[in-house]
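Q: Could you work out the structure for the sequence below:
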Amino acid sequence: MEISGRKIGIDFAPFVIAEVGINHEGSFKKAIKMVDDAKAAGCECIKFQSHVVEDEMTHVAKSVIPGHTKESIYEIIERCALSEKEEIELKKYVEKKKMIYMCTPFSRAAADRLEKMGVTAYKIGSGECNNYPLIEHIAKFGKPIILSTGMNDIPSIKIAVKILRKYKIPFALLHCTSLYPTPYEKVRLGGVQELQKAFPDAVVGLSDHSIGNYTCFGSVALGASILEKHFTSSKKWFGPDIAVSIDPTELKDLIIGSDAIWRASGGKKAILKEEQPTIDFAYASVVSITDIKKGEVFTMENIWVKRPGTGQIKAIDFKKVLGKKALKNISNDNPIKWSDFK
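A: Residues are numbered from 1 along each chain as shown. A predicted model of the protein is given here:
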């Protein structure tokens, strides 16, 4: 798939998304600070969340308290939601920084707002993975969609994918565990491979809520092309997702490390032509270890293997020389040649 000219897939370096989400706590100033810090860390894409509270939740949400907070989800979102004007300004600022602006809509009104703003792609969160009406509403825009799949299994994901295929849009599926933080034993990186197998036409990645970058690095080795991590400028800030967020230093490490692992992945176990200079000194050649007279038989007492590997006969062929007769005199400490015997 391609987003704002950035090609994303197994043949390209991992696409790292710094997920600010609502870590700005409704502060436009903090949001700008995180854009600057993500840019300085070398990040290509920064993501926020778009909340139109009245279109997203009913009053019942005021009594629903997420497991990792002490406030109701309604109170959190109401406090953290940016205004439409602020989201427009934020998008302009991100793009001025030559970064990709991405945002997750949590309602139809939020999706319409983002479409009006001219976003180039959509990120849909795990909570909406089986919100098929909203997925279809967004799919109708005809733009690339990245879909997180936490709290969903393959059968429920298949229904969402069927909608995405219906509208013939490029899409990515992110394996995810919706626990904050996610214990390492609950991350289940095998889910990345399972998504690849079940949906071969999808770009696959990881939206991770575990502590640190370890699991993201592991997912790259398994074929993840997109990495999403919650991001904050400071872990001392207050916010419901701060505990599972990485800071600018960790973000830079994630970008550099994931790229290194991607470059190192694949390939075959074969000898590279670039290894030849090392072969020349590291390999061993068959050499004389005493003066050898013409007609003398080569034995363990008069030949052995020593560096460098520039001799004609390498250590691998040592036994082919044993028992043969020398056709000429050979002085001590010299490489044995194929022409030295029949």
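Q: if I pick the spatially closest residue to Ile159 that is not a sequence neighbour, what's in contact with it?
A: Once flanking residues are discounted, Ile159 sits nearest to Tyr132: 6.1 Å by C-beta to C-beta, 6 or more residues apart in numbering. Heads up, the C-betas are built off the backbone N, CA and C, glycines and all. Taking C-beta atoms under 8 Å, 6 or more residues apart in numbering as the contact definition, Tyr132 lies against 159-160, 163.
Q: And Tyr132, how close does it get to Leu164?
A: 11 Å (C-beta to C-beta, to the nearest Å).
Q: which ones are touching Thr69?
A: Contacts of Thr69 by C-beta under 8 Å, 6+ apart are 76, 240.
Q: Confirm it sits in a helix?
A: No: counting by DSSP: H, G, I helix; E, B strand; the rest coil, one finds Thr69 to be coil, located in no helix.
Q: Okay, it and Tyr180: tell me how far apart.
A: Taking C-beta to C-beta, one finds Thr69 at 9 Å from Tyr180.
Q: and Ser245, how many residues sit next to it?
A: Ser245: 26 surrounding residues under other C-beta atoms under 10 Å.
Q: Assess the claim that it and His230 are in contact.
A: Yes: counting by C-beta atoms under 8 Å, Ser245 does reach His230; the two are 4.0 Å apart.
Q: can you list residues touching both of the two?
A: Shared contacts of Ser245 and His230 (C-beta under 8 Å, 6+ apart): Asn23.
Q: the domain parsing of the protein - what is it?
A: 7-264, 273-340 (automatic domain parsing).
Q: now for the strand or helix carrying Leu173, which elements pack on it?
A: Under the criterion of DSSP states H and E, Leu173 resides in strand 171-176. Using 3 or more C-beta pairs under 8 Å, 6 or more residues apart in numbering; DSSP states H and E as the contact test, the elements touching strand 171-176 are strand 145-148, helix 154-166, helix 190-198, strand 203-208, strand 226-230.
Q: Of all these, which one is nearest Asp340?
A: Ranking the helices and strands packed on strand 171-176 by proximity to Asp340 (C-beta to C-beta) places helix 190-198 first, at 54.4 Å.
Q: tell me the angle that closest one makes with strand 171-176.
A: Here helix 190-198 points in a direction 150 degrees away from that of strand 171-176 (axes from the mean of the first three to the mean of the last three C-alpha atoms, to 10 degrees).
Q: Mind listing residues that contact helix 190-198?
A: Contacts for helix 190-198 (C-beta under 8 Å, 6+ apart): 149, 154, 157-158, 173, 175, 202, 204-206, 219, 222-224.
Q: Which one of the residues you listed is nearest to Val94?
A: Closest to Val94, out of all of those and judged by C-beta to C-beta, is Gly205, at 20.5 Å.
Q: list the contacts for the closest one?
A: 14-15, 146, 172-175, 192, 219, 224-228.
Q: can you redo these as TSV with neighbour count?
A: Formatted as TSV, these follow (neighbours: other C-beta atoms under 10 Å):
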residue	neighbour count
Pro14	24
Phe15	24
Ile146	27
Ala172	25
Leu173	28
Leu174	31
His175	25
Val192	24
Ser219	27
Ala224	31
Ser225	27
Ile226	24
Leu227	24
Glu228	24
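Q: Please, where are all the helices along the protein?
A: Using DSSP state H, the helices found in the chain span residues 28-40, 53-56, 73-80, 84-96, 108-117, 132-139, 154-166, 184-187, 190-198, 214-221, 248-264, 276-282, 318-321.
Q: looking at those helices, which is buried most?
A: helix 214-221 (a mean of 20; mean count of other C-beta atoms under 10 Å).
Q: Give me the distance from that one to the chain's centre.
A: 6 Å (C-alpha atoms, centre = their mean, to the nearest Å).
Q: now what about it, what contacts it?
A: So helix 214-221 is contacted by 14, 175, 184, 187, 189, 192, 205-206, 208, 224, 227, 229, 254, 257-258, 261-262, 265 (C-beta under 8 Å, 6+ apart).
Q: hmm, try it at 7 Å
A: Helix 214-221 is contacted from outside by 14, 184, 187, 189, 192, 206, 208, 227, 229, 254, 257-258, 261-262, 265, using C-beta atoms under 7 Å, 6 or more residues apart in numbering.
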